[in-house]
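**Student:** need coordinates for the below:
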Amino acid sequence: MKHQKVTPYGKQGSKKEQVTDMFDRIAFRYDFLNRLLSAGIDVQWRKSLVRAATGSAPKALLDIATGTGDVAIMLANAAAEAKITGLDISSNMLEIARQKTRKRDLSDRIHYVLGDSENLPFEDNTYDAITVAFGVRNFENTLLGLEECYRVLKTGGSLSVLEFSQPTSTPFRQLYHFYFKNILPLVGRITSRDPRAYHYLFESAQSFPSGKDFASLLTAAGFGSASFKPLTFGICTLYTGIK
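**Tutor:** Below you'll find the model as predicted:
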């Protein structure tokens, strides 16, 4: 399914450049807003992602769009023997991730890399499992990013993706749309100093392929056993694929 390309700031510059700029701007409020705007439910979603990624006791994990390192830290705690690489395009987000990791005495197990998800700076067949939490919709080229994940995974390795999706039940769907379109951008504008960032969250979530459509992209990228599981009435969906 071809989806509409949505960028944070309109037509100036590539989506990749705009996403980098946006996350550099909001990094200082990112964790606070995640907890506030999701009422803490995002923590449970990430736990589901980590369980999916660590079920096969992986030794080498890659967290793409790692942001401020929440998932990377959770992976380190869930897989005590594993080494984790966290990759992100925003240097400001990664600096916060490194600070959090040092405070938890996990710097020997988590390594952060500034890099592009569509041109991963890793060798083929490097990782046992890859996670992406709320980052795939920010890819400039979704299929290319998924193909890169496939390339750096070992045979039998898993990709686990969390993304926003569209609730289908009434009245939850209507409440969801009202909140994402009106309340979330207002709070984000007041607290993050970036009036566009949380409008982009709504717009990108609206335009992004979900459910079977995203599972089909996983298949197109080469993944077998592509599956998906809606979470919290379908606000979010957990996707998995096996190389």
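**Student:** any idea which helix or strand carries R173?
**Tutor:** Element membership for R173, per DSSP states H and E: helix 172-178.
**Student:** buried set for the lowest-mean-pLDDT helix or strand in the chain?
**Tutor:** The helix or strand of the chain with the lowest confidence, counting by mean pLDDT, DSSP states H and E, is helix 184-192 at a mean of 75. Neighbour counts using 16 or more other C-beta atoms under 10 Å place L184, P185, G188, S192 of helix 184-192 among the buried residues. Every residue, glycine included, has its C-beta placed from N, CA and C.
**Student:** tell me what that helix is packed against?
**Tutor:** In this structure, helix 184-192 packs against helix 15-26, helix 30-37, helix 197-207, with contacts taken as 3 or more C-beta pairs under 8 Å, 6 or more residues apart in numbering; DSSP states H and E.
**Student:** now do the lengthiest strand in the chain against helix 197-207, angle only.
**Tutor:** For the chain, the longest strand by residue count, based on DSSP state E, is strand 153-164. Interaxial angle of strand 153-164 relative to helix 197-207 (axes from the mean of the first three to the mean of the last three C-alpha atoms, to 10 degrees): 110 degrees.
**Student:** so who does D116 touch?
**Tutor:** K16, I89 (C-beta atoms under 8 Å, 6 or more residues apart in numbering).
**Student:** that's a helix at it, yeah?
**Tutor:** No: the assignment for D116, made by DSSP: H, G, I helix; E, B strand; the rest coil, is coil rather than a helix.
**Student:** for the chain, which spans come out with low pLDDT?
**Tutor:** 1-5, 11-12, 37 (pLDDT under 70).
**Student:** and which of the buried residues of helix 184-192 is nearest to S216?
**Tutor:** L184 (28.3 Å; C-beta to C-beta).
**Student:** which neighbouring elements make contact with the helix or strand hosting A53?
**Tutor:** Using DSSP H and E, A53 sits within helix 41-54. Applying 3+ C-beta pairs under 8 Å, 6+ apart, one finds that helix 41-54 contacts helix 30-37, helix 70-78, strand 127-133, strand 153-164, strand 224-231, strand 236-242.
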